[in-house]
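J.: Sharing a model that was predicted from the sequence below.
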There are 2 protein chains.
Amino acid sequence: MEDQNYTIKDIARMAGVSAGTVDRVLHNRGDVSEKSKEKVQKVLDEINYQPNVFAIGLAAKKKYVITCMIPHYNEHDYWHSVATGIERARQELRPFNVSVDYLYYTHGDRSSYQEACKTIENSDTDALLLAPNFREDTLPMLEYLKKKKIPFAFIDFDIQEAKPLIYIGQDSYKSGYIAAKILMRNYSEGQEIALFLNNNKENPAEIQMQRRLEGFMSYLAEEHRDTITYDVILNKENPEQNDEILDVFFSEHPKATLGGAFNSRVYQVGNYLHKKGKRMKGLIGYDLLKDNVELLKSGEVTYLLGQRPGLQGYCGVKTLCDDIVFKRPVEPLKYMPIDILLKENIDFYFEFE
Amino acid sequence: MEDQNYTIKDIARMAGVSAGTVDRVLHNRGDVSEKSKEKVQKVLDEINYQPNVFAIGLAAKKKYVITCMIPHYNEHDYWHSVATGIERARQELRPFNVSVDYLYYTHGDRSSYQEACKTIENSDTDALLLAPNFREDTLPMLEYLKKKKIPFAFIDFDIQEAKPLIYIGQDSYKSGYIAAKILMRNYSEGQEIALFLNNNKENPAEIQMQRRLEGFMSYLAEEHRDTITYDVILNKENPEQNDEILDVFFSEHPKATLGGAFNSRVYQVGNYLHKKGKRMKGLIGYDLLKDNVELLKSGEVTYLLGQRPGLQGYCGVKTLCDDIVFKRPVEPLKYMPIDILLKENIDFYFEFE
């Protein structure tokens, strides 16, 4: 690989064009004839050109603001992890005059989400990282952004037809399929399956849960067609009711010894089992919340699937910066790994090097 | 978090010490009284000090060489992945006047390894990243490095008593334990287990394989005490003999329908099964070599455990640089995640963001 540093003048000389032309090609700016573009590109390829990002950083005069619109969170929440990744990107990007603002809304609360959307429309942000919560309120805001040529990226879940600069998240359907495949390794003849759901399953924020459930059911349809499943609807707003719901369910369905939860709240079931000193034969859930991890270690939860929330936040901010600052091309889709965690490998897990 | 940039002079003023003292504390250099150190540290904590690495990079005059002593590799090898991570770190560190040299040896070939050790002793490298292959030849070289105060880091496998600056790799024992736990999910009454080993198992480079096997056997001892296992010794040097070995083994042991390979060469078994149009009930192996991944996708291999070779190389170089260039403190151990790959999540796997 080529280590020499070339200046714009060197490249201009080698390509037989002006330094201004090279500059315009490098920054994808202004009119350059196809022929000149080709000449410059040929030289860039030959010398394996790497822009000196450090020089770019120190020379940059324009300041950029990337706004991250995400739900409020508590420590150890899923969104706390997202914010950790955003923070990491923010630190890296500071030398390039990029600052990162947060704009919080209350998860699942429509008026709070609407207010955040309004704030965006009155701001002069240069790019938006967004976990789109309410579809009907998101689409008009995106229209505004498109008109103003402000790029936006989705993390965690997607509104495909909105054509974001990039969607970063897990393939929810596939991760549900994998959840079933792993859980069904613990299957033996006659067992039944509990699907632990939440009462607000019509909330658009729960689309991801629905997709996971579809993936899960499609594995069952392929491999365990006759296995009986039960929807167990847990109450997110009044969790104290859940003990009773679970008491009734388990006493009525003693064969339901395998279970899955399709959002972050497998701890609802795990904590119940822990209190009762009981275990299912297998219980799978999502996301490495503190409670979930503790229940994985103590054995009430058998598997957790991870989706790298920190990496999602990090990649989201970095990708927006690639677009607005470095003018680098961006792939419109970045699927996260589907990490399988057991009590034996959880201690070795980390998201970043 | 604090965004303002403080100069050394600002910090000196706030701490009531000289700028020279601040500089010495920041770079962990020269004599500073405990009292002054405390004063400076207090200010650094208050302002949440982040060294401006970009300014450091552009101001640095000294050039540093980090040498990476690793086995020769072909494309898609394990060591090719390691080199990809090293290359990534090299690109990041170029602006800091750090260059990365490679010094190759032939894996498992002692005289080639000895020659590489001799080359190191005659070089003026500033730091060494090393996959220690032959213990008897490694230890004297490390004595030399210690005398010259040249830090060294181990990747992939460790010689604990050599006290490297850092060891980066997987906990082999734990990963063997996990391999058994996952594989035994496919267990049903009466099945026997094939342990696919290689003939040169006394080679020190195979210590890792031994540790994995110990972890694997300890899970069996805990959970499947009476299960019968067979050592199947495959031939690394003459792989054409392996078809015959496997033919004989499988015909003599029809109940051996679960299997594990404890190095990168599960493809030896997978390719054989593929040719014969056969499958075991479960086959687990290590490392995402191209052949292994293809066999995972086509179904002959059921599980692969990944150990992030690229991240190992990347972290190794970055850590050495933290020590010699940035004078940052370094933790002596970095265990890699133990990644569980199935045919369903392999396509989403990547090591770096």
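T.: The structure has been received and is ready for your questions. Everything numeric here is computed off the predicted structure, so don't read it as measured data.

J.: In contact with residue A:183, which residues are there?
T.: Applying CB atoms under 8 Å, 6 or more residues apart in numbering or on different chains to residue A:183 gives the contacts A:193, A:258, A:260, A:282, A:284, A:302, A:303. Using the backbone N, CA and C atoms, a C-beta is placed for each residue, glycine as well.

J.: What helix or strand is it located in?
T.: Per DSSP states H and E, residue A:183 falls inside helix A:172-183.

J.: Excluding its own residues, what touches the helix or strand just after that helix? List them.
T.: Per DSSP H and E, the first helix or strand lying C-terminal to helix A:172-183 is strand A:192-198. If you take CB under 8 Å, 6+ apart as the criterion, strand A:192-198 is touched by A:183, A:206, A:209, A:213, A:216, A:220, A:227-236, A:249, A:253, A:255-263, A:265-266, A:268-269, A:280.

J.: could you give the mean pLDDT of stretch A:160-172?
T.: Averaging pLDDT along stretch A:160-172 gives 93.

J.: what stretches of the stretch 1-150 of chain A score poorly on pLDDT?
T.: Residue ranges of the stretch 1-150 of chain A with pLDDT under 70: A:1-6, A:27-30, A:48-61.

J.: circling back to that earlier point, make a ChimeraX selection of whichever of the contacts of strand A:192-198 turn out to be buried.
T.: A single ChimeraX command is used to select the members of the contacts of strand A:192-198 judged buried by 16 or more other CB atoms under 10 Å in any protein chain shown:
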select /A:183,206,209,213,216,220,229,232,233,234,236,249,256,257,258,259,260,261,262,263,265,266,268,269,280
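
J.: Of the contacts of strand A:192-198, which belong to helices?
T.: Among those, the ones falling in helices (DSSP state H) are A:183, A:209, A:213, A:216, A:220, A:249, A:268, A:269.

J.: could you dump the residues you listed to TSV with pLDDT?
T.: Formatted as TSV, these follow (pLDDT from 0 to 100):
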residue	pLDDT
A:183	97
A:209	90
A:213	96
A:216	98
A:220	98
A:249	98
A:268	95
A:269	97
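
J.: In the residues you listed, find the pair that's most separated.
T.: A:220 and A:268 (22.1 Å; CB to CB).

J.: that older thread, can you state the direction angle for the helix holding residue A:183 and helix B:172-183?
T.: Computed by axes from the mean of the first three to the mean of the last three CA atoms, to 10 degrees, the angle separating helix A:172-183 from helix B:172-183 equals 90 degrees.

J.: Tell me how far helix A:172-183 lies from the chain's centre.
T.: Centroid separation for helix A:172-183 versus its chain: 17 Å, with CA atoms, centre = their mean, to the nearest Å.

J.: all helices for chain A, in order.
T.: Under DSSP H, chain A gives helices at A:8-15, A:19-26, A:34-46, A:53-59, A:78-93, A:110-121, A:135-147, A:172-183, A:207-223, A:242-252, A:267-276, A:290-298, A:309-324.

J.: about what we covered before: just checking, which of the contacts of residue A:183 belong to strands?
T.: The strands, defined by DSSP state E, take in A:193, A:258, A:260, A:282, A:284, A:303 from the contacts of residue A:183.

J.: which two in these are spaced the farthest apart?
T.: Farthest apart among the ones in strands among the contacts of residue A:183 - using CB to CB - are A:193 and A:303, which lie 14.1 Å from each other.

J.: Can you flag the buried ones in the contacts of residue A:183?
T.: A:193, A:258, A:260, A:282, A:284, A:302, A:303.

J.: is stretch A:287-302 up against chain B anywhere?
T.: No: figure legend: stretch A:287-302 not in contact with chain B (CB under 8 Å from any CB of the partner chain); closest approach 10.5 Å.

J.: and that stretch, what's its mean pLDDT?
T.: 97.

J.: Name the residues that touch it?
T.: Residues contacting stretch A:287-302 (CB under 8 Å, 6+ apart): A:76-78, A:81, A:183, A:186, A:263-264, A:266-267, A:269-271, A:273-274, A:279-280, A:282-285, A:303-307, A:309, A:341-343, A:346, A:349.

J.: Now it: buried residues?
T.: Going by neighbour count (16+ other CB under 10 Å), the buried part of stretch A:287-302 is A:287, A:288, A:289, A:291, A:292, A:293, A:294, A:295, A:296, A:300, A:301, A:302.

J.: With stretch A:67-78 instead?
T.: Buried residues in stretch A:67-78, counted by 16+ other CB under 10 Å: A:67, A:68, A:69, A:70, A:71, A:77, A:78.

J.: what about residue A:145, neighbour count?
T.: Residue A:145 has 19 neighbouring residues, counting by other CB atoms under 10 Å in any protein chain shown.

J.: what sits against it?
T.: A:120, A:128, A:151, A:152.

J.: Now do it against chain B, distance only.
T.: 25 Å (CB to the nearest CB, to the nearest Å).

J.: Not counting sequence-adjacent ones, nearest residue to the residue of the stretch 151-300 of chain A found nearest chain B?
T.: Proximity of the stretch 151-300 of chain A to chain B (CB to the nearest CB) peaks at residue A:185, 3.7 Å away. Among residues not flanking residue A:185 along the chain, residue B:185 sits closest, at 3.7 Å (CB to CB, 6 or more residues apart in numbering or on different chains).

J.: can you pull the contacts of the closest residue to residue A:186 other than its chain neighbours?
T.: Closest residue to residue A:186 apart from its sequence neighbours, by CB to CB, 6+ apart: residue A:282 at 3.5 Å. The contact partners of residue A:282, by CB under 8 Å, 6+ apart, come to A:183, A:185, A:186, A:187, A:257, A:258, A:259, A:302, A:303.

J.: Write out the residues of the stretch 151-300 of chain A neighbouring chain B.
T.: A:170, A:171, A:174, A:175, A:177, A:178, A:181, A:182, A:185, A:186.

J.: if I pick residue A:317, what's in contact with it?
T.: A:66, A:68, A:85, A:86, A:89, A:90, A:93, A:100, A:129.

J.: Out of those residues, which is nearest to residue B:318?
T.: residue A:89 (17.5 Å).

J.: The closest one contacts residue A:100, correct?
T.: Yes: judged on CB atoms under 8 Å, residue A:89 makes contact with residue A:100 at a distance of 7.1 Å.
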